[in-house]
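> Give me coordinates for this.
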Amino acid sequence: REEEFASYRVLYALVTKGDVQKELRAMSPRLYSHPYLKHALQVCTAVNLKDYAAFFTLHEATPCMGPFLLDPLAPAMRAHALAAMARAYNAPATLPLDFVAQQLGWKTDKSGLKECVKFVSGRGLVANLKEGYVDVKGSSPADASSKPIGPPRPT
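Here you go, the predicted structure:
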């Protein structure tokens, strides 16, 4: 259990914009090779690089109660992903909704697609649930690239 809680401390420091390095220095070196801690460090890397594909893959595979710690990071990662997709896929005017939903970390079932449409529409893109597309050329997302990832710091 020590390994599990060590990984929670690292993830918590990441989410609260705390000092991940300080948490690592306080840990026993034998914990560094444990899969839970390796996973937490991969999540840190994905968030710091704004690698949304890696983040959502790791989020899905996070052991134990870790996904609950990562949930506050998901909206900002989705905003960065949406802005990146709108820039990268500007040539084809529309993208399949199920592709966008999957890239943003949702399941491609009906409720996941509805959540995706709500999120995408709230960010300035046109999404059509019935026809299953997101228009990335005729609309533009709010640029999230300059905003930090994570919830606001408590004051």
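
> How about the secondary structure of the nearest residue to residue 102 once chain neighbours are set aside?
Using Cβ to Cβ, 6 or more residues apart in numbering and skipping residues adjacent in sequence, the residue nearest residue 102 is residue 108, 5.7 Å away. (Each C-beta comes from the backbone N, C-alpha and C, glycine too.) At residue 108, secondary structure determined by DSSP: H, G, I helix; E, B strand; the rest coil is coil.

> Pull the contacting residues for residue 108.
The contact partners of residue 108, by Cβ atoms under 8 Å, 6 or more residues apart in numbering, come to 98, 101-102.

> Just the residues you listed: which are in helices?
Of the contacts of residue 108, the ones assigned to helices by DSSP state H are 98, 101-102.

> ranking these by neighbours, who comes first?
residue 101 (24 neighbours; other Cβ atoms under 10 Å).

> Grab the nearest non-local neighbour of that one.
residue 116 is the one closest to residue 101 (Cβ to Cβ, 6+ apart), at 3.9 Å.

> so when I look at that neighbour, I'm seeing a helix, right?
Yes: under three-state DSSP, residue 116 sits within a helix.

> measure residue 42 to residue 24 for me?
In this view, residue 42 and residue 24 are 14 Å apart by Cβ to Cβ, to the nearest Å.

> Residue 58 now?
18 Å.

> try residue 76
23 Å.

> And the helix or strand that contains residue 112, what's buried?
Assigned by DSSP states H and E, residue 112 falls within helix 110-122. By neighbour count on 16 or more other Cβ atoms under 10 Å, the buried set for helix 110-122 is 112-113, 115-117, 119-120.

> what does it contact?
Helix 110-122 is contacted from outside by 75, 78, 82, 97-98, 100-101, 104, 106, 127-129, 132, 134, 141, using Cβ under 8 Å, 6+ apart.

> which strands and helices sit next to the helix or strand where residue 83 lies?
Using DSSP H and E, residue 83 sits within helix 74-88. Applying 3 or more Cβ pairs under 8 Å, 6 or more residues apart in numbering; DSSP states H and E, we find helix 74-88 packed against helix 52-61, helix 97-103, helix 110-122.
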